[in-house]
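> Pasted the sequence and its predicted model underneath.
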Amino acid sequence: MRRIAIMLLIMIVYVFPSAAYATHHDGWSRLDEISDEALQLAKNKRFEEAKEVLNYFSDQFLKLNARERLKSMDELRAITVTHENALKTITASTLPAEDRIDQVAQFRLVIDAVHSNYQPLWTEMEPSVMNAFEQIEKAVKRRSKSEFQAALRHFLRQYEIIEPSVKIDVEPDWAKKADADIEQLQTPKFQTLNQAQQQQMLSQMKGDFQALFHHMKKDEADPSLWWVMISTGGMIVLTLTYVGFRKYRGEKQKTRSHDEQ
């Protein structure tokens, strides 16, 4: 039994990292909730309150020492830039309410992208982003330059909301393809192409944008979490095997003693 106790103690030591993992994510869960609260207030056009919540986020970010938990400078840059933009525009009465809400939404999606390991919120915008792109395709088919420009502006607006989050979660090569496609769409050269060439390019671009939603870097569980799970599972199996073996050996000795009597 003494050996069993030792083995169980070892198992607890192996489980302990998961507690640290949970604590790490608890802090980010709180930041995630604050960013969501700011967005909900903005959507309800309670902009002054949303600004207060954004300022509160800054205080909590420093208090939780969240900067030290980030994986890269790119994450810090995305958080800093989108937070500053949200703060700057949230109470700008000269801007349309929709623009202000979009800036807070952009910030909220970045925080979620940093925090989440599976299905980040920005991927839920796939229908709106791709529908906006399809409007560009329809404008090209109709050969309407005015419709094309309106559709392009709408698409760029939708993509701008998710762009910082995309660059956190998606492999750099895929994000660069999307950037190159957007640049091409905005150049005068695209307008000089004939309709068949434009449609061919749009078809290739559409595939690139769809790929963003299916080539995330975070498709797999955190390696540290897998290590905890494997280690813990292995120790549990070893402990149960040892307990079973001791029980089997004890019963066998009992049977032998009984036979000898």
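Yep, that arrived. Numbering: from 1, shown residues only.

> Need the per-residue pLDDT for Glu68.
Looking at Glu68, its pLDDT is 79.

> ok, how many other residues are close to it?
As a burial measure, Glu68 scores 6 neighbours (other CB atoms under 10 Å). Glycine gets a C-beta too; all of them are placed from N, C-alpha and C.

> I'd guessed Ala113 sits against Glu163; true?
No: at 11.0 Å, Ala113 does not count as touching Glu163 under the criterion of CB atoms under 8 Å.

> which of the two has more neighbours?
Neighbour tally, Ala113 and Glu163, criterion other CB under 10 Å: the higher count belongs to Ala113, 25 against 21.

> what packs against the helix or strand harbouring that one?
Ala113 belongs to helix 97-115 when elements are defined using DSSP states H and E. Contact partners of helix 97-115 among helices and strands, from 3 or more CB pairs under 8 Å, 6 or more residues apart in numbering; DSSP states H and E: helix 2-43, helix 47-63, helix 73-90, helix 145-169.

> so who does the residue positioned nearest the centre of the chain touch?
Centroid-nearest residue in the chain: Ala113, 2.6 Å away (criterion: CA atoms, centre = their mean). For Ala113, the contact set (CB atoms under 8 Å, 6 or more residues apart in numbering) comprises 78, 120-122, 164-165, 168-169.

> roughly how far apart are it and Ile168?
Distance from Ala113 to Ile168, counting by CB to CB, to the nearest Å: 4 Å.

> cool, and Lys43?
23 Å.

> go on, Pro127?
Distance from Pro127 to Ile168, by CB to CB: 21 Å.

> Show me which of those two is the more surrounded one.
Neighbour tally, Pro127 and Ile168, criterion other CB under 10 Å: the higher count belongs to Ile168, 24 against 9.

> Could you check the pLDDT of that one?
We have a pLDDT of 94 for Ile168.

> thinking it is in contact with Asp74, fair?
Yes: judged on CB under 8 Å, Ile168 makes contact with Asp74 at a distance of 6.7 Å.

> pLDDT weak spots in the stretch 51-200 of the chain?
Filtered on pLDDT under 70, the stretch 51-200 of the chain yields no residues whatsoever.

> What does Pro96 show for phi and psi?
Taking degrees, to the nearest 10, you get phi -60, psi 150 for the backbone angles of Pro96.

> cool, and Ser116?
Dihedral angles of Ser116 (phi, psi; degrees, to the nearest 10) stand at phi -90, psi 150.

> With Val166 as the reference, measure out to it.
Separation of Ser116 from Val166 (CB to CB) stands at 14 Å.

> can you check His115 too?
16 Å.

> Tell me which of these two has more neighbours.
Val166 (23 against 19).

> which residues touch that one?
Val166 sits next to 122, 175, 178, 212 when contact means CB under 8 Å, 6+ apart.

> Where helices are concerned, which of those count?
Cross-referencing those against helices under DSSP state H gives 175, 178, 212.
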